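**Q** Sequence first, predicted model second:
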Amino acid sequence: MSQDHLTAHAVFLLRVALGVMFIAHSWLLKLFVFTLPGTAQFFVSLGLPGWFAYAVFAAEAVAGPLLVLGVQARWVALAMLPVLAGATWAHWGNGWMFGYANGGWEYPAYLTLLAAVQVMLGDGSHALVRSFALPWLRITEVRAAQ
């Protein structure tokens, strides 16, 4: 197995992991555990408008399956960077470790970095709809050897 082939599969694993995380944080956590009104109350406690919680939920709920399936993964990850940066900001005052009360900023910052890496690497293997390259960043798609 070539290095290009292994790299393409590694990018695929990154893409699926990010997608599953978005599914878990939207459908499971925001919808079923905290509920959307509860999530909206949390956003209001941060000084954000309550409707913003619904927009974040929708973005995560759509981005997760798109990433898992490999539909324009580069652009989906790019679109989710502000959401992840916002999550880092929301947890900033809770300290570094995500295990602290109310969760620290360590995990959201890590996820922000992973999404940025996904933007740089592209779709990887097993993608349904491949993204096109970002020429202004001189980034090309990582593809599996045929």
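**A** Happy to help now that I have it.

**Q** When you work out contacts or count neighbours from here on, use the C-alpha atoms and nothing else.
**A** Will do.

**Q** And for W51, nearest residue in space, chain neighbours not counted?
**A** Spatially, and ignoring its direct neighbours in sequence, W51 is nearest to A40 (6.6 Å; CA to CA, 6 or more residues apart in numbering).

**Q** Touching, that neighbour and F57? I think so.
**A** No: between A40 and F57 there is no contact under CA atoms under 8 Å: 9.9 Å.

**Q** quick revisit: check the secondary structure at the residue nearest to W51 for me.
**A** Under DSSP: H, G, I helix; E, B strand; the rest coil, A40 falls in the helix class.

**Q** tell me the contacts of it?
**A** By CA atoms under 8 Å, 6 or more residues apart in numbering, the contact list for A40 reads P49, G50, W51, F52, A53, Y54.

**Q** quick one, helices of this structure?
**A** Assigned by DSSP state H, the chain shows helices spanning 3-23, 36-45, 51-69, 73-91, 106-121.

**Q** okay, those helices in TSV with distance to R130 and mean pLDDT next?
**A** Below are the helices of the chain laid out as TSV (distance: least, CA to CA, whole Å; pLDDT from 0 to 100):
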stretch	distance to R130	mean pLDDT
helix 3-23	12	95
helix 36-45	32	97
helix 51-69	10	98
helix 73-91	7	96
helix 106-121	12	96
